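In: Following is a predicted model, sequence given first.
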Amino acid sequence: MIGGRVLDLTAINDLTIGRTIYGAAFLAAANQLGVAIAVPTAALQEAWAMAGPEDYPFLELLLGLPLTVVDPLDAAAAERSGVQARDVHAANAWDAGAAHAVLVAHDRGWPILTADPASLRAIDPALEIELLPDA
């Protein structure tokens, strides 16, 4: 493996429901190049909640890829991500999936793949972001 990317909710949705052609191209390139994909559990939970039954096979496909690693939200990660996003929570802009994605990105030293960096940047303005194209 040569590094990786952390997926936030918008990236999970893009790669699984095909919002853009980039998702399929990214997965093919990641697989070919050995780029790992970290999926934060909190973002994954929200993706499942937003998905319809027709999307389930695509979420399962993403999770079944050998390059996919699901990062758990255990007690230690919950504490660290919650403390890190405390100011965002105080401003009534809480996003558990974004908070967990930022923590995973910090821990792994990988950029976050996203279509909307606002909630991520609210937690860490210096975060390394790889922006998904609009279409």
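Out: Good, I have the coordinates.

In: quick one: the helices in this structure?
Out: Assigned by DSSP state H, the chain shows helices spanning 9-17, 22-33, 41-50, 56-64, 75-84, 86-90, 96-108, 118-123.

In: Give the buried residues for the last one.
Out: Residues of helix 118-123 classed as buried by neighbour count (16 or more other C-beta atoms under 10 Å): 119-120, 122-123. The way it works is simple: take the backbone N, C-alpha and C, and place the C-beta from them, glycine included.

In: JSON lines for those, including pLDDT and distance to residue 101?
Out: Shown next, in JSON lines, are these (pLDDT from 0 to 100; distance: C-beta to C-beta, whole Å):
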{"residue": "119", "pLDDT": "91", "distance to residue 101": "9"}
{"residue": "120", "pLDDT": "94", "distance to residue 101": "7"}
{"residue": "122", "pLDDT": "91", "distance to residue 101": "12"}
{"residue": "123", "pLDDT": "92", "distance to residue 101": "9"}
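
In: As TSV, those residues with distance to residue 69 would be great.
Out: Formatted as TSV, the entries for the buried residues of helix 118-123 read as follows, by distance: C-beta to C-beta, whole Å:
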residue	distance to residue 69
119	22
120	19
122	25
123	21
